[in-house]
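Engineer: Sequence first, predicted coordinates after that:
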Amino acid sequence: MSQIVFSGSFSSEGGLEWAEDGCYFVTEILIKHHDSRSSWDFTCCCLPEELLELILQRVTDIVDLYQCSNVCHSWRSIARKQSALLPPQLLVLRNPNNVIDKIQMINMFIGSSSVCKIPEFNTRDGVRYMPMIVESSHGWLVMNYNTSKSRKVEGHLNYICLYNPLSREEIWLPPLLLNSENPKFVLSSKPTNPSCIVLALHEKKLVFWRFGNKKWTFLKNVEYWINDIICYKDEFHALQMKGNPPYPEVPYLLQVKFSPKCHVKSIPTKSNRSFYFAFNYLVESLCGNLWMVCTVLGNLGTSTLKFQVYKLHWKMMKWEKIKSLGDQAIVLACNDSVCVQADESTVYKKNCIYFTDDLCNGRGPSKEFGTYDLENETMNHLPFLNHDNPCYRWFKLDIWYND
C-alpha cells in the first residue's frame, strides 16, 4: 500500500501547524508518495478526514489534485469537494494554420501552466490528422480531427476523439459526415459512463451518438440556428431564436429527450427584451436554475459592451432579468459555461462573469478576455496571451466517485 510522509507538528488542540515552507513540501509528498526527510510515516488511506481536507486545500495544481483523487475512495471524496473550488483552467489553443498544434492549460490566478499532449491520428496511407476544433465538457475534451485537404471538400468526414488530458484516456467515436467547420458537441455525462450521449449540432441538423453505437443517428432538422446547447438536469436543452427583422426575435427552448424514445420538443418562451446583436449562452446555477447570459455587442459587433443575465421561470416560461448572482460567478464559454462558488474560500469575485471570446460567435479567433461586474456594470479587459492565432476555452476538472 502507498505510504505518505509529511513534515509538521501537532498543536495542543489536535490540529496541525505548518511551517512557512511546509505547505509546498507536503503537496510534493502527496504526489510523489516518498521522501527521506519525513518525521512520521502514515498509511495514506488512514489519514483523518479533517487532516486530509487541510492537506488537499493546499493542492492548487489541477494535475496534482487529479493524481490525489486516484489514491483511494476517501481521497477521491475530499478531492472532489476541493475540485469544485479550483478555478477552471484557461485552455490556450495555438491555431497558426487553422489547425490546433498546441494546447496549453493555464491557471490564470496563480500563473501555473502545463502543456496537454494532443492525441495523434493517422490514416492508413500515412496522412496525419490534426484537431481543428477543441471543446470541453465534463472534464474531457471533444476534439474534432480533419485534414486541411478534406476541409475543402463539401460533406467531409470528421473524426471525433473524446480525450481526458489528465489521464490521457482516448475514446474515438465513429466518423461524422459534416458540411460545417464549426459543429457543437455536448456530452450528457462523462464518456466513461455507459449511459453517456453525445449530441452534435452542425448547420441545422441534430445528430447523436450513444455508448455502443457504431454510427451517428440523425435526430431532427431545426428551422433556425441554435445559439447554445446544455445538458440540464439530465436532459439536453437548446436555445433557439426565431424571427426576422423588423420583428423581434422570440427565444425558443428545445428539449431533446431520449427516453422512452428520441424526440425534440420546441417550447416558446417570453421575454421583455430584443435579442438582436447579442450572443446567448445557457448555464445552470449552483441551485439548479436555468440562466441565459446575453452578450451585448458594440462597435459593429466586434467587441463586448456588457452582459445581461436572465432566469427562466418554468411555470410562466418567461425569462426574467436578474441583477445579482449571489455568491456565485459565471465562467462563460462555448457549450460549457459553468457557475462556480464565489466567496472568501475561493479566488473568484462574486457576481462577476469571467469571459473569453470564442469561435461560436463567428468572428474568428479570440481577442477578448476579461471580467464583468454585473452589479456595477463595469468591464475589465485583460490582455490576451500572445500566441499564434490563439483560441480560448475553459476546462473544469470534474472528479466523480465512480471514476
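Structural biologist: That came through fine.

Engineer: distance between stretch 121-131 and the chain's centre?
Structural biologist: Centroid separation for stretch 121-131 versus its chain: 27 Å, with Cα atoms, centre = their mean, to the nearest Å.

Engineer: er, stretch 127-134 I mean
Structural biologist: Using Cα atoms, centre = their mean, the mean C-alpha position of stretch 127-134 is found 20 Å from that of the whole chain.

Engineer: Next, the buried residues of it.
Structural biologist: The neighbour-count check on stretch 127-134 (16 or more other Cβ atoms under 10 Å) flags 129-134 as buried. Where you see a C-beta, it was placed from the backbone N, CA and C, and this is true even at glycine.

Engineer: What residue spans form the domains of this structure?
Structural biologist: 3-83, 89-395 (automatic domain parsing).

Engineer: Just put those domains in a markdown table and tack on mean pLDDT.
Structural biologist: As requested, the domains of the chain are arranged in a markdown table below (pLDDT from 0 to 100):
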| stretch | mean pLDDT |
| --- | --- |
| domain 3-83 | 61 |
| domain 89-395 | 79 |
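
Engineer: Pull the number of nearby residues for V250.
Structural biologist: For V250, the neighbour count with other Cβ atoms under 10 Å is 15.

Engineer: That one and P268 touch, don't they?
Structural biologist: Yes - with contact defined as Cβ atoms under 8 Å, V250 reaches P268; the gap is 6.0 Å.

Engineer: you'd agree L312 is up against S285?
Structural biologist: No - the criterion here is Cβ under 8 Å, and L312 misses it with S285 at 10.5 Å.

Engineer: These two: which is more packed in?
Structural biologist: L312 (20 against 17).

Engineer: still on that earlier bit, among the buried residues of stretch 127-134, which one sits closest to K81?
Structural biologist: V134 (27.9 Å; Cβ to Cβ).

Engineer: Enumerate every residue touching that closest one.
Structural biologist: By Cβ atoms under 8 Å, 6 or more residues apart in numbering, V134 lies in contact with 91, 93, 100, 103, 141-144, 391, 393.

Engineer: Which residues does it form beta bridges with?
Structural biologist: On the basis of DSSP bridges, V134 is bridged to M143.

Engineer: ok, it to W140 distance?
Structural biologist: 11 Å (Cβ to Cβ, to the nearest Å).

Engineer: Give the residues shared as contacts by those two.
Structural biologist: If you check V134 and W140 against Cβ under 8 Å, 6+ apart, no residue is contacted by both.

Engineer: follow-up on the earlier one: of the buried residues of stretch 127-134, closest to F236?
Structural biologist: Here the nearest of these to F236, counting by Cβ to Cβ, is I133; it sits at 19.3 Å.

Engineer: Skipping adjacent residues, who's closest to D234 in space?
Structural biologist: Distance criterion Cβ to Cβ, 6 or more residues apart in numbering; nearest residue to D234, sequence neighbours excluded, is S188 at 6.9 Å.

Engineer: what's the burial count for the one you found?
Structural biologist: Neighbours of S188 using other Cβ under 10 Å come to 21.

Engineer: before we move on, what about K215?
Structural biologist: When neighbours are counted by other Cβ under 10 Å, K215 comes out with 11.

Engineer: Now do the SS call for it.
Structural biologist: coil (DSSP: H, G, I helix; E, B strand; the rest coil).

Engineer: So that it lines up with my notes, have the first residue be 177 from now on.
Structural biologist: All right, first residue 177 from here; so that's K391.

Engineer: Surely it is in contact with L349?
Structural biologist: No - using Cβ under 8 Å, K391 is not in contact with L349; the gap is 9.6 Å.

Engineer: Between the two, which contacts overlap?
Structural biologist: Listed as contacting both K391 and L349 by Cβ under 8 Å, 6+ apart are W385.

Engineer: got the residue ranges for the strands in the stretch 227-376 of the chain?
Structural biologist: For the stretch 227-376 of the chain, the strands defined by DSSP state E, counting those that start in this stretch occupy 265-270, 278-282, 289-292, 297-298, 304-313, 316-322, 332-339, 346-348, 352-354, 360-363, 373-378.

Engineer: Sheet partners, orientation included, of the last one?
Structural biologist: Translated: strand 373-378. Take DSSP bridges as the rule and strand 373-378 pairs in its sheet with strand 360-363 (antiparallel), strand 381-386 (antiparallel).

Engineer: related to what we said a few turns ago, what residues does the residue nearest to D410 make contact with?
Structural biologist: Counting by Cβ under 8 Å, 6+ apart, S364 touches 371-375, 407, 410, 412.

Engineer: Show me the contact partners of stretch 465-477.
Structural biologist: So stretch 465-477 is contacted by 406, 408, 413, 415, 427, 449, 451, 453-461, 479-488, 490, 495, 498, 506, 508, 513, 515, 529, 531, 539 (Cβ under 8 Å, 6+ apart).

Engineer: Can you select the buried ones from these in ChimeraX?
Structural biologist: Selecting only the buried entries of the contacts of stretch 465-477 in ChimeraX, with 16+ other Cβ under 10 Å as the criterion:
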select :406,408,413,415,427,451,454,455,456,457,458,459,460,461,480,482,483,484,485,486,488,495,506,508,513,515,529,531,539
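
Engineer: Test my guess that L342 contacts D240.
Structural biologist: No - taking Cβ under 8 Å as the definition, L342 is not a contact partner of D240, at 10.2 Å.

Engineer: coming back round to it: from the buried residues of stretch 303-310, which single one is nearest F297?
Structural biologist: Closest to F297, out of all of those and judged by Cβ to Cβ, is Y305, at 4.2 Å.

Engineer: what's across from that closest one in the sheet?
Structural biologist: With DSSP bridges as the rule, Y305 is bridged to F297.

Engineer: From what I see, it and N298 are in contact.
Structural biologist: Yes - in this structure, Y305 is within contact of N298 by Cβ under 8 Å, at 6.9 Å.

Engineer: The residue nearest to D410 and S479, how far apart?
Structural biologist: Taken as Cβ to Cβ, the span from S364 to S479 is 34 Å.

Engineer: what do you get for T554?
Structural biologist: 15 Å.

Engineer: Now do the helices in this structure.
Structural biologist: Shown for the chain, the helices assigned by DSSP state H span residues 198-208, 225-232, 238-245, 249-259.
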